[in-house]
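A.B. asks: model this:
(chains A and B)
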There are 2 protein chains.
Amino acid sequence: MEMEVSKILGYCNSRRLAVVPQGGNTGLVGGSVPVFDEVIINVGSMNKIIAFDKVQKEAAKLVEMFQLMQVVCAFSVMALFMGMYLAVLTNGDVLDMVGTLRKDNTGYDLKHLFIGSEGSLGIVTKVSILTPPKLSSVNIAFLACEDYPSCQKLLSEAKRKLGEVLSAFEFLDSHAMDLVLNHLEGVRNPLPSSAHNFYVLIETTGSDESYDREKLEAFLLRSMEAGLIADGVLAQDINQASSFWQIREGIPEALMRAGPVYKYDLSIPVEKMYNLVEEMRVRLGQSANVVGYGHLGDGNLHLNISAPRYDDTILAQIEPYVYEWTSKHRGSISAEHGLGLMKANKIFYSKSHETVQLMASIKKLLDPNGILNPYKVLPHSLCSYS
Amino acid sequence: MEMEVSKILGYCNSRRLAVVPQGGNTGLVGGSVPVFDEVIINVGSMNKIIAFDKVQKEAAKLVEMFQLMQVVCAFSVMALFMGMYLAVLTNGDVLDMVGTLRKDNTGYDLKHLFIGSEGSLGIVTKVSILTPPKLSSVNIAFLACEDYPSCQKLLSEAKRKLGEVLSAFEFLDSHAMDLVLNHLEGVRNPLPSSAHNFYVLIETTGSDESYDREKLEAFLLRSMEAGLIADGVLAQDINQASSFWQIREGIPEALMRAGPVYKYDLSIPVEKMYNLVEEMRVRLGQSANVVGYGHLGDGNLHLNISAPRYDDTILAQIEPYVYEWTSKHRGSISAEHGLGLMKANKIFYSKSHETVQLMASIKKLLDPNGILNPYKVLPHSLCSYS
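C.D. replies: You can find the predicted model right below:
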């Protein structure tokens, strides 16, 4: 496979033909979209499991994950799962970094250059992925908090008290909940008795069903006594558990059904995160519905602004304000999604001039003719294309 | 601090004066040793905690860790704990990658280029470190296994059954145990009733003392019934726990006291790891004592060959055999220690020609005059120094 890619890249490079590597096409920032006349290299058929450790029998599911992640997906958030790589460079060189070692300290760590580079430095044709044994016991609670500081305190307590079994801590505000209830079929609020301002989904994963459940129950009881949560319910079976996740995971679809939406994927220190949502509500007033949700445990806010129509007046209220605010609070303007085409020129909100300059030098070193996924990731001004 | 380093580097670069960054001087491969007339930049006084998250009160201990890790320590194995960086380049540029975000996907991940680069690409002057809340319950067991396959099976069972609380899985062979008992004061074998071929130390870390202990006890009982362990003891208090760790951690000192020693720090797939130790025993016969121990959970073998004297005949029996064997089994010739001065020319045993060539190009890009820690990490043939 890598030899085919090597030949294609070698040919395109010698003729100065630009290429766009394309994978699952699930990106949100135009990272896999050809802009002019680029040749598309679709890697969707690279879905073969070459080998897996005999201990791991469940790797089949990974194929699907890999297809989603392939090449142009900005998958740095998956880094923990990833081992080594095989990448093909524009000069046709095949960089063999595949291996299954957990520790290796020989020379520079090149693998991370490719992770999250959105197909702009080379084309990845093989990965090795660490798959820890699946733990048998999963418990999920859906909780209500009255204010954002309570969500924050709850997170801090959960890290302390649930420690090693805490596997997810997600939050959504009442705007997100309303959207899901109004736009998705068959979704109901697990805590319908009264309206709440915030909802939190906590998941624990461990190896002992009865103990893990007891532990989560004790944590919820203490949190309720401490006034951190106003209400809550523990999933009684797998169906209820998946209905809780459906609320959280249904938000993007509900937003799409509600109409035009401006989407931002930000990392912001947890204590300041929700201030941005509130400030945007003040700025936009009745003209749009500002929705906040995300991975609170990771400091990752998905800020979505749902408007009746795409409108330059609304956009001017949002940008560059959102980017400047994020930059001022030393956040990242792209936590998971990458920069792609749409945000390439916004990189300076999160990275210094010197840092971006070095990135451009590395791009130039690896892709001197600028054939790989042009107009993406780095600002146009810094990259000269053939 | 970074401005001082920037001025020094800028000056040295303009005058083409080579520099060696020096930190804790704990390296084992000569990474911080000046070779000719290099200027030493000692960063040992960079020990200030600039800020820490209010949730974390125990960060003080980290200062010491940071000093050990500073710059020339090849600390890629610490990567999980590390956040962003501030690095100073040879042209005096300060790359500000400091931040406390868990997720950031804007542009290329440059931070990992510096981690483990042994001070050859830039000088790190600030780091941010993720310090998870300290969990309160630690349990330690010291076990005996009759053969290496049992150690392996025990590891695989421990990953499955202890899952989220398993925090260490270390092994040593009887040669290592004998060395510690013979050369260190006050150390005794916790399992003295009969001699065993292998010993394993298992540590669990969790948030619930009684449950965690119960879980480990149940695991040990099952493992004994299954014949995986021949004998075992669970630490009854903190003194006993630390006496178990003392055996494992005392091995390097015991080796030094025993006389000249050839040291190798290898990553090898777990199932083949101990074969190398046995093959070396056959090769060396009575001429040396071959000792195997290490982080079995990480696939990391410390192979130590204790000899009556440093001897070219013995060395010729060891090298390049050990490197070739490791390379053949797709292992790494340096799991944790880095390459430094002593192993720079050995990099091809673990990395392909194309990969090393790209590393050299990146070195050239970041340090065009080759002033930073020359003769280290990469083969001399690929780097031209001023």
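
A.B. asks: is any part of stretch A:218-227 close to chain B?
C.D. replies: No. Stretch A:218-227 is not in contact with chain B by CB under 8 Å from any CB of the partner chain; minimum separation 9.6 Å. For glycine as for every other residue, the C-beta is placed from the backbone atoms N, C-alpha and C.

A.B. asks: which residue ranges form the helices in the stretch 151-300 of chain A?
C.D. replies: Secondary structure of the stretch 151-300 of chain A by DSSP state H, counting those that start in this stretch: the helices cover A:174-183, A:209-225, A:238-258, A:270-284.

A.B. asks: deepest of these, which one?
C.D. replies: helix A:174-183 (a mean of 19; mean count of other CB atoms under 10 Å in any protein chain shown).

A.B. asks: List the residue ranges of the stretch 101-250 of chain A that fall below the pLDDT cut-off.
C.D. replies: For the stretch 101-250 of chain A, the stretches with pLDDT under 70 are A:131-133.

A.B. asks: Quick check: residues of the stretch 151-300 of chain A near chain B?
C.D. replies: Going by CB under 8 Å from any CB, the residues of the stretch 151-300 of chain A near chain B are A:156, A:159-165, A:205-208, A:211, A:215, A:267, A:269, A:295, A:298-300.

A.B. asks: could you redo the last one with a cut-off of 7 Å?
C.D. replies: A:156, A:159-161, A:163-165, A:206-208, A:211, A:215, A:267, A:269, A:298-300 (CB under 7 Å from any CB of the partner chain).

A.B. asks: Generate a ChimeraX selection restricted to the buried subset of the residues you listed.
C.D. replies: Entered in ChimeraX, the line below selects the buried ones among these, by 16 or more other CB atoms under 10 Å in any protein chain shown:
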select /A:156,160,161,163,164,165,206,207,208,211,215,267,298,299,300
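
A.B. asks: Report the contact partners of residue A:114.
C.D. replies: A:85, A:87, A:121-122, A:124 (CB atoms under 7 Å, 6 or more residues apart in numbering or on different chains).

A.B. asks: Tell me the one of these nearest chain B?
C.D. replies: residue A:121 (7.3 Å; CB to the nearest CB).

A.B. asks: residues contacting the closest residue to the closest one other than its chain neighbours?
C.D. replies: Excluding the flanking residues, the one nearest residue A:121 by CB to CB, 6 or more residues apart in numbering or on different chains is residue A:366, at 4.8 Å. Counting by CB under 7 Å, 6+ apart, residue A:366 makes contact with A:89-90, A:121-122.

A.B. asks: Return the backbone torsion pair for residue A:366.
C.D. replies: Main-chain dihedrals, residue A:366, degrees, to the nearest 10: phi -90, psi -20.

A.B. asks: Just the pLDDT at it, thanks.
C.D. replies: According to the prediction, residue A:366 has pLDDT 93.

A.B. asks: just residue A:43 next, same as before
C.D. replies: 86.

A.B. asks: can I assume it is in contact with residue A:20?
C.D. replies: No. If you go by CB atoms under 7 Å, residue A:43 and residue A:20 don't touch, sitting 11.0 Å apart.

A.B. asks: Those two - which one has more neighbours?
C.D. replies: Remark: of residue A:43 and residue A:20, residue A:20 carries more neighbours, 24 against 21, as counted by other CB atoms under 10 Å in any protein chain shown.

A.B. asks: phi, psi of that one?
C.D. replies: Phi and psi for residue A:20, reported as degrees, to the nearest 10, are phi -120, psi 110.

A.B. asks: and if you look at residue A:113?
C.D. replies: For residue A:113, the backbone dihedrals (degrees, to the nearest 10) come out as phi -60, psi -40.

A.B. asks: ok, how many other residues are close to the closest residue to it other than its chain neighbours?
C.D. replies: In this structure, residue A:113 finds its nearest non-sequential neighbour in residue B:108, 5.7 Å apart by CB to CB, 6+ apart. As a burial measure, residue B:108 scores 28 neighbours (other CB under 10 Å).

A.B. asks: I'd like to know how far residue B:108 sits from residue A:115.
C.D. replies: Taking CB to CB, to the nearest Å as the measure, residue B:108 falls 9 Å from residue A:115.

A.B. asks: What residues does the residue lying closest to residue A:184 once chain neighbours are set aside make contact with?
C.D. replies: Counting by CB to CB, 6+ apart, residue A:184 lies nearest to residue A:250, which is 4.8 Å off, once chain neighbours are set aside. Contacts for residue A:250 (CB under 7 Å, 6+ apart) come out as A:180, A:184, A:187.

A.B. asks: Repeat the analysis, applying 10 Å as the threshold.
C.D. replies: Applying CB atoms under 10 Å, 6 or more residues apart in numbering or on different chains to residue A:250 gives the contacts A:176, A:179-181, A:183-187, A:257.

A.B. asks: can you check residue A:154 too?
C.D. replies: Contacts of residue A:154 by CB under 10 Å, 6+ apart are A:143, A:145, A:169, A:171, A:198, A:200, A:202, A:219-220, A:223, A:226, A:228-229, A:296.

A.B. asks: One more: residue A:87?
C.D. replies: So residue A:87 contacts A:2, A:5, A:71, A:93-98, A:110-111, A:113-114, A:117, A:121-127, A:366, B:354-355, B:358 (CB under 10 Å, 6+ apart).

A.B. asks: can you tell me which of these are in helices?
C.D. replies: Among the contacts of residue A:87, DSSP state H puts A:2, A:5, A:111, A:113-114, A:366, B:354-355, B:358 in helices.

A.B. asks: Pick out whichever of those sits closest to residue B:307.
C.D. replies: Residue B:307 has its nearest neighbour among those in residue B:355, at 33.7 Å by CB to CB.

A.B. asks: how many neighbours does the nearest residue to that closest one once chain neighbours are set aside have?
C.D. replies: Closest residue to residue B:355 apart from its sequence neighbours, by CB to CB, 6+ apart: residue A:95 at 5.3 Å. Per other CB under 10 Å, the neighbour tally for residue A:95 reads 24.

A.B. asks: mind pulling up the phi and psi values for residue A:42?
C.D. replies: phi -90, psi 120.

A.B. asks: so what's it bridging to?
C.D. replies: residue A:22 (DSSP bridges).
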